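# Predicted coordinates and the sequence they were generated for:
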Amino acid sequence: MVMATEPRIPCYKLGIRFGRPDVVKRILASERTGFYFAVLQEEEVGVSDPIRTHRKKQRQFKTQRCHRTLYPREAQHRIASPRH
């Protein structure tokens, strides 16, 4: 069992790795930056095993809303640029 803990921030090094300087901007624009997960219970997982979600009765905070809150469009260019 795993739990999403925090969103990932794409690194400028992805642009170097893929030979595309615009790759970070493209990832941010897709709003699919990914999340880090914490392992709550170790289990064996197979390739064809289904993924099920467990929902609490708390208010849900959708991943897209989280992304838009953390990375508003006007701030995305700063994230996509290498830091020197």
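Sure thing, it's come through.
# What backbone torsions are found at the residue positioned nearest the centre of the chain?
Of all residues in the chain, the one closest to the mean position by C-alpha atoms, centre = their mean is residue 34, 1.7 Å from it. Dihedral pair for residue 34: phi 90, psi 170, per degrees, to the nearest 10.
# Verify the contact between it and residue 7 for me.
Yes. Contact criterion C-beta atoms under 8 Å: residue 34 and residue 7 qualify, at 7.2 Å. No exception for glycine: its C-beta is placed from N, CA and C like everyone else's.
# Overlap of the contact sets of the two?
Counting by C-beta atoms under 8 Å, 6 or more residues apart in numbering, residue 34 and residue 7 have no common neighbour.
# count of neighbours near residue 51?
6 (other C-beta atoms under 10 Å).
# now do residue 67
19.
# Now do the SS call for it.
helix (DSSP: H, G, I helix; E, B strand; the rest coil).
# confidence score at it?
pLDDT for residue 67: 74.
# ok, it - contacts?
7, 31, 33.
# Quick check, the first one in contact with residue 37.
No. Contact between residue 7 and residue 37 fails when scored by C-beta under 8 Å: they sit 11.2 Å apart.
# Who has more neighbours out of those two?
The neighbour comparison of residue 7 against residue 37 (other C-beta under 10 Å) goes to residue 7, with 15 against 12.
# Relative to residue 30, how far out is the more buried one?
As for residue 7, its distance to residue 30 is 13 Å (criterion: C-beta to C-beta, to the nearest Å).
# what does residue 44 give?
Residue 44 is 32 Å from residue 30, by C-beta to C-beta.
# Have a look at those two and say which one is more surrounded.
residue 30 (10 against 5).
# per-residue pLDDT, that one?
For residue 30, the pLDDT comes out at 83.
# ranges for the strands of this protein?
All strands of the chain, identified by DSSP state E, fall at 2-7, 35-39.
# nearest to residue 26, of these?
strand 2-7 (16.7 Å; C-beta to C-beta).
# got the angle between that closest one and strand 35-39?
Interaxial angle of strand 2-7 relative to strand 35-39 (axes from the mean of the first three to the mean of the last three C-alpha atoms, to 10 degrees): 140 degrees.
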